[in-house]
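Asks: predicted model, plus sequence, below.
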Amino acid sequence: MEFLDLKPLTHAQGVVRLPGSKSISNRTLLLAALSEGVTDIRDLLGSDDTDRMLEALQTLGVAVTKTGDKDYRVAGAPVGFANKDADLFLGNAGTAFRPLTAALALAGGSYKLHGVPRMHERPIGDLVEGLRQIGADVEYLGSEGFPPLQIRPADIKAGGVVRIRGNVSSQFLTALLMALPTTGVETTVEVIGELISKPYIEITLRLMAQFGVKVEREGWQRFVIPGGQRYVSPGTVYVEGDASSASYFLAAGAIGGGPVRVEGVGRNSIQGDVAFAQALEAIGAQIEMGENWIEARAPASGKLRAFDMDFNHIPDAAMTLAVAALFCDGPCRLTNIGSWRVKETDRIAAMATELRKVGATVEEGEDWLRVTAPAALTAQAAVDTYDDHRMAMCFSLVALGGVPVRINDPRCTAKTFPEYFEVFASVTK
């Protein structure tokens with residue numbers, strides 16, 4: 001399907017069972033592969049990104065068995081991957097590409113890592129520089145600082161201090177933290193400058209601890225991986241519902257009346273993107289939260305309030321608020337979102353372009369957006385999605401303004417949520 005036409009929508013109400021978290025799914029798969037023992041993973045996300053990780057692990061010789069619709073059994077390879085020479089295609093999956101780069105750089109083999117053209121435009125130089133500090137042999141096969149990469153066997157000298165910038169992508173730090181315990185040597189990672197997307201590092205640390213490795217943290221600038229630790233399977237692991245995906249349905253409830261309830265995440269979630277619910281509440285939405293669910297309704301006044309917020313901590317979910325700004329009572333400003341520039345597309349530029357198509361007045365800076373809603377949304381706008389799943393899902397909310405909207409290339413949601421539009425239709429009318 002080249003496009004999907006959404007009819008004008010007047011209301012949103014219902015219950016959504018969320019797919020598994022992408023961030024948790026791919027981290028869990030790699031940790032299980034590096035662990036001693038067998039891990040049963042339940043409720044794994046089924047998507048392009050997790051498919052790329054599963055394929056990569058199987059190519060590396062890891063025994064992975066599908067045991068149910070969303071369940072997998074992974075036999076760990078704690079002494080190293082069986083295949084020491086492999087060519088890995090990882091699509092546009094940053095949650096697979098970055099951690100695998102670090103793990104394979106320390107694995108003593110020869111590996112080529114590559115992906116789709118956009119993946120080759122997403123920076124990886126800070127991670128490679130960090131790995132080279134301990135002796136890793138990583139070569140750029142194209143532009144300096146970007147994939148594709150060639151990894152070769154090297155004399156790894158772990159220990160001491162590895163320094164890495166924190167202001168481009170938190171996945172670089174995640175990759176180092178997950179890979180370094182395999183050396184068995186105490187190593188310290190120091191973050192240079194501000195660390196963005198801190199909640200994603202919290203996910204990494206929590207999952208590492210679940211697999212038996214505890215990292216000593218001094219604020220967000222210094223992380224010590226003690227020597228002598230190893231990953232050990234916890235047996236069975238359950239993947240939480242995806243908090244980023246929850247944002248579209250919670251926003252639908254806040255815009256379209258509600259209540260809309262998402263199940264699979266709640267107040268006990270380890271995902272930082274549950275803070276999206278607090279952001280919605282701050283602009284007037286009525287929010288309720290349980291241990292494993294969150295529910296959103298429209299404000300009692302019927303109109304969401306304008307906002308000026310720093311979204312460094314929840315950059316992915318913040319995209320949903322950029323579209324929700326179309327339903328606010330004044331100009332809205334999103335700040336500290338510079339990481340949008342190096343995601344699946346340049347999301348600041350893409351968001352500005354597409355919001356203008358539906359009638360908004362948009363100003364953009366290097367790391368901010370200012371969105372002013374139009375008096376009336378443009379009917380029948382054709383929204384381009386840039387092969388970016390979040391662009392497609394965000395702009396479905398435009399239809400709740402009572403206008404038809406065309407979503408080009410809706411299949412790009414397969415990256416994290418293949419059934420998104422069917423589920424969205426189930427809670428809107």
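Replies: That came in fine, so what should we check first? Numbering: from 1, shown residues only.
Asks: residue 42 contacts residue 240, doesn't it?
Replies: No: using CB atoms under 8 Å, residue 42 is not in contact with residue 240, being 10.8 Å away. Using the backbone N, CA and C atoms, a C-beta is placed for each residue, glycine as well.
Asks: so for those two, which residue has more residues nearby?
Replies: Legend: neighbour count by other CB atoms under 10 Å for residue 42 and residue 240, higher for residue 240 (22 against 14).
Asks: got phi/psi on the more buried one?
Replies: The phi/psi pair for residue 240 (degrees, to the nearest 10) reads phi -70, psi 160.
Asks: quick one: it from residue 76, how far?
Replies: Applying CB to CB, to the nearest Å, the value for residue 240 to residue 76 is 22 Å.
Asks: please apply the same query to residue 102.
Replies: 17 Å.
Asks: what do you get for residue 207?
Replies: Distance, residue 207 to residue 76, by CB to CB: 14 Å.
Asks: how about residue 191?
Replies: As for residue 191, its distance to residue 76 is 29 Å (criterion: CB to CB).
Asks: and what of residue 392?
Replies: To residue 76, residue 392 is 36 Å away according to CB to CB.
Asks: and residue 190, by the same measure?
Replies: Per CB to CB, residue 190 is found 29 Å from residue 76.
Asks: show me where pLDDT drops low in this structure?
Replies: Counting by pLDDT under 70, the chain has low-confidence residues at 1.
Asks: burial count for residue 228?
Replies: Residue 228, neighbours per other CB under 10 Å, totals 8.
Asks: helix, strand or coil: sort out it for me.
Replies: Classification of residue 228 using DSSP: H, G, I helix; E, B strand; the rest coil returns coil.
Asks: hang on, isn't it packed against residue 187?
Replies: No: using CB under 8 Å, residue 228 is not in contact with residue 187; the gap is 12.0 Å.
Asks: just the terminal-to-terminal distance for stretch 272-287.
Replies: This stretch, stretch 272-287, spans 17 Å end to end (CA to CA, to the nearest Å).
Asks: same check, this time on stretch 155-165
Replies: Start-to-end span of stretch 155-165 (CA to CA) is 24 Å.
Asks: and for residue 424, the neighbour number?
Replies: Residue 424 - counted by other CB under 10 Å - has 22 other residues nearby.
Asks: for residue 366, same thing?
Replies: 8.
Asks: tell me the phi and psi of residue 125?
Replies: Dihedral angles for residue 125 - degrees, to the nearest 10 - are phi -60, psi -40.
Asks: ok, now how distant is it from residue 151?
Replies: Residue 125 is 15 Å from residue 151, by CB to CB.
Asks: got it, and residue 20?
Replies: According to CB to CB, residue 20 stands 29 Å off from residue 151.
Asks: which SS class is residue 190?
Replies: strand.
Asks: enumerate every residue touching it.
Replies: Counting by CB atoms under 8 Å, 6 or more residues apart in numbering, residue 190 touches 161, 162, 163, 164, 221, 222, 223.
Asks: now, of the residues you listed, which are buried?
Replies: For the contacts of residue 190, a burial check counting by 16 or more other CB atoms under 10 Å picks out 162, 164, 223.
Asks: okay, residue 125 and residue 151: which has more neighbours?
Replies: More crowded of residue 125 and residue 151, by other CB under 10 Å: residue 151, with 27 against 15.
Asks: the more buried one: helix or strand, and which one exactly?
Replies: Residue 151 belongs to strand 149-152 when elements are defined using DSSP states H and E.
Asks: export that strand to PDB, keeping only CA atoms.
Replies: Extracted in PDB, the C-alpha atoms of strand 149-152 (Å, rounded to 0.1, in the frame of the first residue of the first chain):
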ATOM      1  CA  LEU A 149      31.800  -0.900   9.400                       C
ATOM      2  CA  GLN A 150      34.400  -3.700   9.200                       C
ATOM      3  CA  ILE A 151      35.500  -5.200  12.500                       C
ATOM      4  CA  ARG A 152      38.600  -7.300  12.800                       C
END
